[in-house]
Every structure is written in C-alpha cells, then in structure tokens.
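[1] coordinates only, no sequence provided:
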C-alpha cells in the first residue's frame with residue numbers, strides 16, 4: 001500500500017499511476033470499490049472505466065521501463081489459444097522488439113511492480129484487447145475450426161454434424177411409405193392403427209401439460225433470502241452473440257449497465273462475426289462499460305450462434321456463464337439471484353433457466369400470441385418439467401450454467417440450429433438437471449408473419465436435429481435417462497415437431513365433419529374406437545394449448561390477453577406451417593440459420609424499446 005496526497009492508502013497497482021499524471025481522488029474511489037468487491041485496485045479501476053485499459057498499461061510499461069506495444073503487433077504463429085489470452089502472456093513473432101508480450105491483470109500487476117528491478121529481459125507490455133486481437137489474427141483459422149469441430153470430433157454421438165445415420169433414414173422412409181400406401185389403398189384399419197400408435201403418446205403429453213398448471217412455480221425469488229456480499233460473489237461471464245444487431249446496441253449497453261453486480265466481477269463478451277461490418281462499426285461508436293469486451297469471431301462454417309458461443313466459452317473467466325441475446329433486458333438482479341440459487345442447489349443442477357417475457361406485446365396480434373405462448377412455456381411448463389426432474393429443452397437465452405460442467409459436456413453444438421434445446425437434452429444425458437430461475441428477461445418478438453415464420457421454421461428444424469442426434473443410439477439414451485425421462489425428451493423435441501406438423505391435417509378434417517354432422521355416423525366398434533380416440537386427442541390437445549397460457553395470464557394479471565389464449569389452437573395452425581417449412585429446410589439446407597431481425601419493436605412493456613405499450 002502507498003500513501004496518496006490525500007493521506008489515504010492506495011494499493012500498489014493504483015499508487016504508481018499518480019506518478020504518471022492520473023487523478024488521485026479518482027484512484028481513491030477505485031480503491032474503495034476494490035475493498036468492497038474483494039478485488040485488486042486495477043481490476044476495480046478498469047471495470048468501472050475510471051482508467052482506460054490502454055492508458056493503464058501504457059503507464060505500467062513506463063513504470064516498469066518496458067516497451068509498450070500499440071495495437072497491431074504480431075504474436076508467434078504458434079501462440080497457444082486460449083491460454084495466451086487467459087494468462088496474459090504470448091510469444092512475439094520473430095523480429096519483434098521483444099520476445100514476449102504481457103497484458104497483466106489483477107494480482108499479477110502488483111507482483112510485476114514488486115519485481116520491476118529484477119524482470120527478465122525481452123518483455124513488452126500491452127493491453128488485454130490488443131493481445132487477444134493479435135492471437136486471433138495469428139490463430140484465426142484454428143480458432144474457427146475448434147469452435148466448429150471440437151464437439152463433433154470428441155463426442156460425435158452428441159453432434160448433428162454427421163446428420164442422420166443410414167438406419168435412421170431407412171426407418172423414416174419405410175414408415176412414410178407405409179402410411180402413404182395405406183392412405184392410398186384405403187386401408188382403414190392401418191390408418192386407425194397409426195392414429196392409435198401416434199395418438200396415445202401425445203395424449204400423455206397433453207395430459208402432462210394440463211397437469212403442469214396444478215403445480216405453480218413462484219414468479220420471483222423468495223424475498224427473505226439474504227443479499228450475498230459483493231466480495232463473496234463469483235466472477236460471472238455474460239456471452240452476447242451479435243450478428244446484424246446494430247439497431248439494438250444502445251439498448252444492450254443500457255441493459256448491461258443496469259446489472260446489479262460488481263463491475264469487477266463481470267466478464268461480458270460481445271461476440272461479433274468478423275465479417276459483420278455494420279455491427280462492428282456500430283459497436284465501436286458506443287462507450288461500453290469497462291467490463292465489456294468485444295470479441296471478433298473468426299470467419300468459418302457454419303456461421304451460427306452456437307459457433308460464436310463456443311469461441312466465447314473458451315475465453316470465459318466466470319464460475320458461471322449466461323447467454324443473453326442482443327435485444328434482451330434481464331432483470332437487474334438476475335445474476336445475483338442465479339448465484340444464490342446455485343448456492344442452494346445440488347451439484348447436479350447444471351443450469352438455471354430464467355423466464356422469457358415478450359416485451360413488445362402491443363405491437364400486433366402475432367406478438368400477443370407470442371406473449372401468451374411464452375407465458376405458458378416459461379411460467380408454467382418448463383418449471384413443471386424442472387420440478388419433476390424431466391429434461392428441459394432450454395430457451396435460446398437467459399440460461400445460466402456452471403462453466404465447468406458446460407465445458408465438460410462440450411459446449412454448444414454449432415451444427416444444430418436450436419443449440420439451446422440440444423444442450424438441455426445433452427445435460428440430461430450426462431446426468432445433470434435444469435432448475436427454474438424465477439427472474440424475468442424481456443425480449444423482442446417478431447411482429448411480421450414472414451420473420452415469425454422463418455424463426456419458427458428454424459426452431460422446428462432444430463428440434464428435429466436434436467431428435468436425430470440423440471436417437472442414433474436409442475438403447476444408450478434409454479439407459480442414461482430411464483423410460484420416463486427418455487419418453488419426455490423424445491416427445492418434447494421430435495414429438496413437438498410431429499405434433500405441430502400433424503395438427504392442421506388432423507384438426508381441420510375433424511372440425512369439418514363435426515360442422516357437417518357426419519362425425520358420429522360410424523359403423524362398427526373399430527370405427528367408433530377411432531372416432532373416440534381422435535376426438536379425445538383433439539379436446540386434450542386444445543386444452544393443453546389453452547390452459548397453460550391461461551394459467552400464466554392469471555398469475556401475471558394479463559387479463560386483456562385472455563382472448564388470445566382461447567384462440568391458441570388457431571395459432572397452432574401457424575406453428576404447423578412453420579413445422580412443415582422447417583422439415584423442408586432440414587432436407588434442402590440443414591445448416592441455414594434464419595436470422596431474426598431486432599430493433600423493430602414499436603411498443604415496450606418495460607419502456608426500454610419502441611414506444612409505450614400495455615396489456
């Protein structure tokens with residue numbers, strides 16, 4: 001510790017800055033933050049933006065009498081990734097002015113200052129961002145390949161990369177041919193058998209969705225929980241994948257800045273595709289908080305969100321990691337809530353899924369449907385799945401994970417376009433559980449039918465990819481999950497797509513027969529059995545579509561949305577259209593990522609985007 005001109009003590013990693021022209025009063029404030037947060041003085045100063053990273057490391061280089069490397073230098077082509085970035089040291093390219101470059105952080109700075117007269121020759125100093133950029137320039141293709149291929153190489157059974165096996169393809173083709181031939185031949189008994197075979201599992205699924213309303217989960221964390229002291233909070237990594245998101249970057253900056261978490265214990269990484277010029281330029285124009293860093297994801301295939309997330313995961317410094325989308329506005333206390341819930345949970349709870357709430361509900365009829373759909377899913381169904389220990393196909397954002405477990409299961413599958421749902425199933429297969437986090441994240445829903453349909457097709461395609469990936473070895477999956485969880489995983493992924501695709505084909509003919517009075521003109525007990533089963537499926541399916549959203553509406557007080565919940569079967573017809581488009585895309589373009597454009601909202605529930613809107 002060193003005494004400043006104000007008579008207060010400054011930690012060594014801040015005190016030297018006074019000699020290089022930095023304001024002592026500002027450094028005193030950083031020292032107070034450091035003491036409260038349990039971090040080094042330099043970490044507090046850099047995270048709060050009291051001192052810029054480049055200015056800090058330039059002064060450090062002068063204090064150590066070492067050269068400072070401006071951005072643009074080159075590291076050795078064999079610099080280790082991600083170790084060079086995480087450790088803050090890398091060998092320089094041949095012919096450089098030094099042998100190694102250092103981008104020291106935390107306690108390492110104080111150690112260098114203590115040993116400044118005995119440092120080995122051949123060292124240079126730079127800031128962390130230029131070092132990371134230099135490593136990415138040197139190892140870009142290798143980094144891109146690692147993000148794309150690691151899971152497929154190390155755990156090929158858990159990646160969609162290889163696509164369906166020939167056995168899976170043959171089974172699907174045989175079933176499809178038999179159904180078509182039976183329909184063309186008028187084989188009534190065969191068609192009734194198909195209805196029974198497919199109908200009974202979906203009857204169970206519908207009953208389970210209806211039963212979920214009987215087990216309500218809390219809408220918020222218990223208020224009696226003590227607030228964890230800042231110094232005891234772990235480092236938390238926030239990954240934000242960005243692609244063509246220049247419109248929502250100011251909103252993202254505000255949402256990140258509002259997080260109720262010590263700045264020096266936040267590790268926020270904006271993951272921007274290297275070729276995304278507009279987002280890169282927009283990001284450069286914004287004054288981000290000091291705890292935010294921009295990572296340019298090297299070009300590679302497939303260009304998907306999970307590939308970018310894998311790049312960020314290897315650089316994550318946090319004990320926990322959460323994914324937010326660009327337009328997300330999480331509750332400011334969500335990270336603290338997640339830490340508290342993880343601390344109270346069993347070690348096998350690998351993930352906490354927060355509640356996703358549509359923000360631009362008042363934009364139109366489609367966003368109103370989306371709102372009640374999400375209410376039923378995230379307020380009612382997913383919490384029930386978690387409570388009963390069943391696999392949870394995760395939502396695409398606000399899933400909080402234990403970083404070590406996430407790395408152990410291989411991160412995200414870049415070849416699956418619903419990497420979130422896939423990860424939920426892989427966690428279950430590895431013996432881990434997902435728990436409900438009663439904390440809201442507001443996000444923007446597409447209000448145009450074309451963009452909604454493209455997004456839904458991607459989700460449906462991805463769910464089939466999940467089903468294909470994890471049914472290659474059904475016996476292994478059955479052993480890992482057990483019959484109950486295996487059946488749930490199957491019905492919630494591939495079964496959800498099959499149900500959506502069949503819904504229009506199944507529902508419309510029954511409604512037409514009922515309207516014409518022809519439904520109950522049956523001959524023979526088998527005909528009557530089929531009619532009863534079909535009507536039971538129709539009624540239970542409609543109840544499963546309507547009751548969970550109604551339960552969510554009642555709990556949230558969104559009474560104006562009751563008509564939308566009652567009309568959910570009409571919305572399901574649209575979802576069926578998305579399912580058929582997704583199946584078509586699966587055949588002709590399985591890697592296609594239908595990008596959802598954000599920043600178009602006209603209304604906002606919480607006042608963070610568009611105009612005002614209410615329920």
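    Happy to help now that I have it. All values reported here derive from a predicted model rather than from experimental measurement.
[2] just for the protein, where's the confidence low?
    In the predicted model of the chain, residues 1-8, 178-198, 224, 519, 522-530, 607-615 satisfy pLDDT under 70.
[3] now with 50, please.
    3-7, 612, 614 (pLDDT under 50).
[4] which helix is the longest one in it?
    helix 525-556 (DSSP state H).
[5] just the strands in the stretch 501-615 of the chain please.
    603-604, 611-612 (DSSP state E, counting those that start in this stretch).
[6] could you say which helix or strand contains residue 357?
    In the assignment (DSSP states H and E), residue 357 maps to strand 349-358.
[7] relative to that strand, what are the paired strands and their orientations?
    Paired with strand 349-358 in the same sheet, following DSSP bridges, are strand 399-402 (antiparallel), strand 433-443 (parallel).
[8] could you give the angle of that strand to helix 525-556?
    Interaxial angle, strand 349-358 versus helix 525-556 (axes from the mean of the first three to the mean of the last three Cα atoms, to 10 degrees): 80 degrees.
[9] what's downstream of strand 349-358, the next helix or strand?
    Counting by DSSP H and E, what follows strand 349-358 is helix 365-374.
[10] just the angle between that following helix and strand 349-358, please?
    Relative orientation of helix 365-374 versus strand 349-358 (the same axes, to 10 degrees): 150 degrees.
[11] for helix 365-374, packing partners?
    strand 349-358, helix 449-469, helix 525-556, helix 562-566, helix 568-588 (3 or more Cβ pairs under 8 Å, 6 or more residues apart in numbering; DSSP states H and E). In this view, the C-beta of every residue, glycine as well, is placed from N, C-alpha and C.
[12] for residue 126, which of the ones you listed is the nearest?
    Residue 126 sits nearest to strand 349-358 of all the helices and strands packed on helix 365-374, at 36.2 Å, using Cβ to Cβ.
[13] can you list the buried residues in that closest one?
    Buried positions in strand 349-358, judged by neighbour count with 16 or more other Cβ atoms under 10 Å: 349, 350, 351, 352, 353, 354, 355, 356, 357, 358.
[14] so the spatially most central residue of the chain: helix, strand or coil?
    Centroid check for the chain by Cα atoms, centre = their mean gives residue 397 as the closest residue, at 3.5 Å. Under DSSP: H, G, I helix; E, B strand; the rest coil, the three-state class of residue 397 is coil.
[15] residues near the residue lying closest to it once chain neighbours are set aside, how many?
    Spatially, and ignoring its direct neighbours in sequence, residue 397 is nearest to residue 325 (4.5 Å; Cβ to Cβ, 6 or more residues apart in numbering). A count of nearby residues for residue 325, using other Cβ atoms under 10 Å, gives 22.
[16] so residue 325 versus residue 293, what's the distance?
    Separation of residue 325 from residue 293 (Cβ to Cβ, to the nearest Å): 18 Å.
[17] domain ranges for the chain?
    2-138, 160-215+497-604, 230-448 (automatic domain parsing).
[18] among those, which is the most enclosed?
    domain 230-448 (a mean of 21; mean count of other Cβ atoms under 10 Å).
[19] ok, now which ones touch residue 322?
    The neighbourhood of residue 322, defined by Cβ atoms under 8 Å, 6 or more residues apart in numbering, consists of 236, 237, 238, 239, 334, 335, 338, 398, 399, 400, 401.
[20] the one helix or strand it maps to pairs with which strands?
    In the assignment (DSSP H and E), residue 322 maps to strand 320-323. Partners of strand 320-323 in the sheet, by DSSP bridges, are strand 236-242 (parallel), strand 399-402 (antiparallel).
[21] how far out from the middle of the chain is the shortest one?
    To tie it back to what came earlier, the one meant is strand 399-402. Mean C-alpha position of strand 399-402 versus that of the full chain (Cα atoms, centre = their mean, to the nearest Å) differs by 9 Å.
[22] any idea which of the strands paired with strand 320-323 gets closest to residue 601?
    Nearest of those (Cβ to Cβ): strand 236-242, 17.3 Å.
[23] thinking again about what came up before, could you single out the nearest of the contacts of residue 322 to residue 89?
    Nearest member of the contacts of residue 322 to residue 89, counting by Cβ to Cβ, is residue 237, at 21.0 Å.
[24] distance of residue 605 from residue 362?
    8 Å.
[25] no, scratch that, I was asking about residue 593
    Noted for residue 593: a distance of 29 Å to residue 362, by Cβ to Cβ.
[26] try residue 305
    Distance from residue 305 to residue 362, by Cβ to Cβ: 28 Å.
[27] check residue 37 too.
    40 Å.
[28] which other helices and strands contact the helix or strand hosting residue 308?
    Assigned by DSSP H and E, residue 308 belongs to helix 305-315. When contacts are defined as 3+ Cβ pairs under 8 Å, 6+ apart, helix 305-315 packs onto helix 128-154, strand 236-242, strand 266-273, strand 292-297, helix 403-408, helix 419-429.
[29] residues contacting the residue lying closest to residue 480 once chain neighbours are set aside?
    In space, and not counting its chain neighbours, residue 480 is closest to residue 429: 4.9 Å by Cβ to Cβ, 6+ apart. For residue 429, the contacting residues are 158, 470, 477, 480, 481, by Cβ under 8 Å, 6+ apart.
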